[in-house]
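K.L.:
following is a predicted model, sequence given first.
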Amino acid sequence: MRRSAVVLLLGVTLLAPSATATSAASASAGPVDTAGPAHGTSQGATAATAASGTFTIAADFTTLSASPAAHGRHCTVTLQGVLTFTGTLEGGAEGSITARILAPCDQALASPPGTFRDVFRFTGGFEGAIGGVTASGALTYAGVTSPGGSIGAVIRLRGTSTAVLRADAAVGVGGSYTGVARP
């Protein structure tokens, strides 16, 4: 529960209108209503809202490459994949996944995904909608896979819209997300 509160707090902080953006808006558009309806947002800004839903991941194992790391004790793998979102976020992100598996490559590649602990990062481009409003931007999905395949991670979107989400997932499948988003 604490981890969710930290992610939500971080998300609210990251999604809050910056002083720089407010100053730029004031200079170019005249006075700004800083006592707007949603937590003091300026005119034209959309308030951050609670976000939840599910996502799936489809990894393209034909693109997999592996290389030893940490003097052969670990294995770094990269491959292409697609994340597909439903719920508050609707759409998909195509990109690449890099994972540092805490096992030698010969063991890591001979075992099913999720056998060993790993630290991973997906980076890609999101196209879709947040709460029905068209959205796009750079999406990252980064976290830790525990032996057995359970994943704790953070999904972050930056672009025409923003989101900070906590993900509970299973390796190679996907899972659920909760957090905050701004269309």
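P.N.:
Arrived safely. Numbers count the residues shown, from 1 in each chain.

K.L.:
which regions of the chain sit below the pLDDT cut-off?
P.N.:
The model of the chain has pLDDT under 70 over residues 1-45.

K.L.:
immediately after the strand of greatest length in it, which helix or strand?
P.N.:
Longest strand of the chain, by residue count under DSSP state E: strand 49-69. Reading on from strand 49-69 to the C-terminus, the next helix or strand found by DSSP states H and E is strand 74-87.

K.L.:
what's the angle from the next helix or strand along the chain from that following strand to strand 74-87?
P.N.:
Following strand 74-87 in sequence order, the next helix or strand is strand 89-101 (DSSP H and E). Computed by axes from the mean of the first three to the mean of the last three C-alpha atoms, to 10 degrees, the angle separating strand 89-101 from strand 74-87 equals 170 degrees.

K.L.:
what's the closest non-adjacent residue to the residue nearest the centre of the chain?
P.N.:
Most central in the chain under C-alpha atoms, centre = their mean is I155, positioned 1.7 Å from the mean C-alpha point. Nearest non-adjacent residue to I155, counting by C-beta to C-beta, 6 or more residues apart in numbering: L165, 4.2 Å away. All C-beta atoms are positioned from the backbone trio N, CA, C, and that covers glycine.

K.L.:
likewise T115?
P.N.:
Closest to T115 by C-beta to C-beta, 6+ apart is P147, at 6.5 Å.

K.L.:
contacts only, for the one you found.
P.N.:
With contact taken as C-beta atoms under 8 Å, 6 or more residues apart in numbering, P147 is in contact with 114-117.

K.L.:
now do 10 Å
P.N.:
Listed by C-beta atoms under 10 Å, 6 or more residues apart in numbering, the contact partners of P147 are 102-103, 114-118.

K.L.:
of all those, which comes closest to S65?
P.N.:
D118 (15.3 Å; C-beta to C-beta).

K.L.:
let me see the contact set for that closest one.
P.N.:
Contacts for D118 (C-beta under 10 Å, 6+ apart) come out as 74-77, 99-103, 108, 143-147, 151, 171.
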